[in-house]
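>>> Have a look; sequence and predicted model below, questions after that.
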Amino acid sequence: MLTPWTPPHSTFAYWVLIVQDITAEVELAENRQQQAQERLRATVEAQEAERSRLANELHDGIGPQLASLKLLISRLGEQLTALEASDTAERQPPPPTAKPKNPELYNRLSAMVEEAKQLADTAMDDIRKSARNLSPADLERNGLGPGIGELLPSTRPAFFRPCGV
């Protein structure tokens, strides 16, 4: 820093140069910034690992369970048809054109089976979407730009205008 200085009772003015070494402060600031960046990177990596784990858990755990539930519901519907149309449960299943003995009960139970299958389908679709949104495949394969591009079609209705990367 350069400042003018005039001693008392003097007609001459002097310039005084004050130099201060700030190397330590600069290094400290750089270290703090580097540590903050490392903490941010570690946080983002932990979040991405958790998203990936959750997406895999949804896809590999709950998804197959819902698929099994849907198959079980379908088998229940088939057994309902067979039981209702046969005279006894021990006989072979009747042909698909056989008339049920209690049509009202059969229709109510058949509607419930169909509704359960639709709910299982909806839940499976929701699980797939959630898993995909948590960890988009394009994001992992190709990076941020294509990953955002994969999500854009689902956001267009919310913004009421075309979106692009």
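In hand now; what should we look at?

>>> mind checking the SS state of Asp21?
Under DSSP: H, G, I helix; E, B strand; the rest coil, the three-state class of Asp21 is coil.

>>> what helix or strand is Pro8 on?
Take DSSP states H and E as the rule and Pro8 turns out to sit in neither a helix nor a strand.

>>> and it, backbone torsions?
phi -60, psi 140 (degrees, to the nearest 10).

>>> Number the residues from 30 up from this point.
Renumbered: residue one is now 30, and that last one reads Pro37.

>>> per-residue pLDDT, it?
In this model, Pro37 is scored at 79, pLDDT.

>>> for Glu119, same thing?
With respect to pLDDT, Glu119 has a value of 53.

>>> any chance you could map the strands in the chain?
Along the chain, the stretches classed as strands by DSSP state E are 31-34, 43-46.

>>> Report the strands that pair with the first one, each with its relative direction.
Paired neighbours of strand 31-34 in the sheet (DSSP bridges): strand 43-46 (antiparallel).

>>> Pull up the gap between the residue most central in space within the chain and Ile156, please.
The residue lying closest to the centre of the chain (CA atoms, centre = their mean) is Leu163, at 1.8 Å. In this view, Leu163 and Ile156 are 11 Å apart by CB to CB, to the nearest Å. Using the backbone N, CA and C atoms, a C-beta is placed for each residue, glycine as well.
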